[in-house]
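# I'll drop the sequence and a predicted model, then ask my questions.
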Amino acid sequence: MTSDAVPGGQATLAGKVAIVTGAGKGLGRAYALDLAQRGARVVVNNRRHRGDTEHSADAVVREISARGGSAVADYSDAADPRCGEHLLATALQHYGRLDIVIANAGVSEASSFHKQSLDEFRRIIDINLMGTASLLHPTFRHLYQQRGGAIVVSSSAAGLHGEHGLPAYSASKAGVIGLCRALALEGAAHGVRVNTIAPFAHTAMTRSSLPADMARRLPPEAVAPVVAWLASDDCTLNGEVVIAGGDRVARARNLLSDPVDLSHVAGAMDTAWRRLGDSTPTRDYTSAVALFLDFAGELPP
């Protein structure tokens, strides 16, 4: 996928400074390399792994440098509550600013809920949801105070629809989507845009579940231009969930059907639900309050 294969694919990021977590391999690596190619200076974050002969973050920095870009490695663990503060300090120390945060670090599981311990469930939530919150708490505040910046957070189709065998992962990614929607509303008046990306790509996380022919059509590099566009000044999206993979992008939203008035329906809920099942949800809302006011506002006096 070339950089001009998606809307805004040629977006320049010259002069911008970006943090990318989980950037040592897979999608994070593809994001870091693409951002750097577009002119951004990148803080490449990936935690250390036992037995590494070369740290993955160092390898990506070396690739960026070899291509004429600028990057610095960071080894903070995304599960560490201090990770966000450390990454912000690294960006400011080396480059004097921060403009873009790509929250990509995360882990998955392969276990049914009834077989999981709560400790195992909590570990996924702590890394994926609380790790994202720990990263965004200081960095979102910094962008909010400087009145400008872009945040792109890795979510998942599992967070939108759930998936058997991924209960904690699905819950954590649904939580990430809710967090980002709230931050998009909070940051809008201060020039901070917050969107999530639900990527489909062949990575270490998906390797065992993707057939070879499908894996070839879903390289991580195909998602990177979409993330770069979301991070660029060319993009005005805020509070969106963008699904991307291969040469395709889609928009995901929570929609509401037209309500059914139970007081006018014989058989009450059974009949009402049949009507709702035959309807197509079309109502879109910018916030929970907007939905509430619309729903409650239609109640008879």
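It's in.

# give the rounded mean pLDDT of the strand or helix carrying residue 194.
Assigned by DSSP states H and E, residue 194 belongs to strand 192-199. For strand 192-199, mean pLDDT is 96.

# please name every helix or strand in contact with it.
Strand 192-199 is packed against helix 131-146, strand 149-154, helix 157-161, helix 167-187, helix 224-231, strand 241-245, with contacts defined by 3 or more CB pairs under 8 Å, 6 or more residues apart in numbering; DSSP states H and E. Heads up, the C-betas are built off the backbone N, CA and C, glycines and all.

# switch the cut-off to 6 Å
The contact analysis (3 or more CB pairs under 6 Å, 6 or more residues apart in numbering; DSSP states H and E) places strand 192-199 against strand 149-154, helix 167-187, strand 241-245.

# list the contacts of the second one.
I take that to be helix 167-187. 108-109, 113, 121, 124-125, 128-129, 132, 140, 144, 153, 155-156, 158-159, 162-163, 194, 196, 238-239, 287 (CB atoms under 6 Å, 6 or more residues apart in numbering).

# and among the helices and strands packed on strand 192-199, the most buried is which?
Highest mean neighbour count among the helices and strands packed on strand 192-199 (mean count of other CB atoms under 10 Å): strand 149-154, with a mean of 26.

# and that one, how far out from the chain middle?
Mean-position distance between strand 149-154 and its chain equals 7 Å (CA atoms, centre = their mean, to the nearest Å).

# hey, C-alpha coordinates of it in PDB?
The C-alpha coordinates for strand 149-154 follow below in PDB (Å, rounded to 0.1, in the frame of the first residue of the first chain):
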ATOM      1  CA  GLY A 149      -2.300  17.700  19.200                       C
ATOM      2  CA  ALA A 150      -3.500  14.300  18.000                       C
ATOM      3  CA  ILE A 151      -3.900  11.000  19.700                       C
ATOM      4  CA  VAL A 152      -4.600   7.700  18.000                       C
ATOM      5  CA  VAL A 153      -5.300   4.700  20.200                       C
ATOM      6  CA  SER A 154      -5.300   1.100  19.100                       C
END
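
# show me what that strand is packed against.
Using 3+ CB pairs under 6 Å, 6+ apart, strand 149-154 sits against strand 100-103, strand 192-199, helix 224-231.

# what about 10 Å?
strand 17-20, helix 26-37, strand 100-103, helix 131-146, helix 167-187, strand 192-199, helix 224-231 (3 or more CB pairs under 10 Å, 6 or more residues apart in numbering; DSSP states H and E).

# how is the closest residue to residue 59 other than its chain neighbours assigned, secondary-structure-wise?
In space, and not counting its chain neighbours, residue 59 is closest to residue 24: 7.2 Å by CB to CB, 6 or more residues apart in numbering. Assigned by DSSP: H, G, I helix; E, B strand; the rest coil, the conformation of residue 24 is coil.

# contact partners for residue 24?
Residues in contact with residue 24 (CB atoms under 10 Å, 6 or more residues apart in numbering) are 32, 44-49, 52, 55-61, 73, 75, 105.

# quick one, which of the contacts of helix 167-187 are buried?
Among the contacts of helix 167-187, those scoring as buried are 108-109, 121, 124-125, 128-129, 132, 140, 144, 153, 155-156, 158-159, 194, 196, 238-239 (criterion: 16 or more other CB atoms under 10 Å).

# if we can go back for a sec, columns mean pLDDT and distance to residue 219 on top of the helices and strands packed on strand 192-199, output as a markdown table?
Converted to a markdown table, these look like this (pLDDT from 0 to 100; distance: least, CB to CB, whole Å):
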| stretch | mean pLDDT | distance to residue 219 |
| --- | --- | --- |
| strand 149-154 | 98 | 16 |
| helix 167-187 | 96 | 22 |
| strand 241-245 | 93 | 9 |
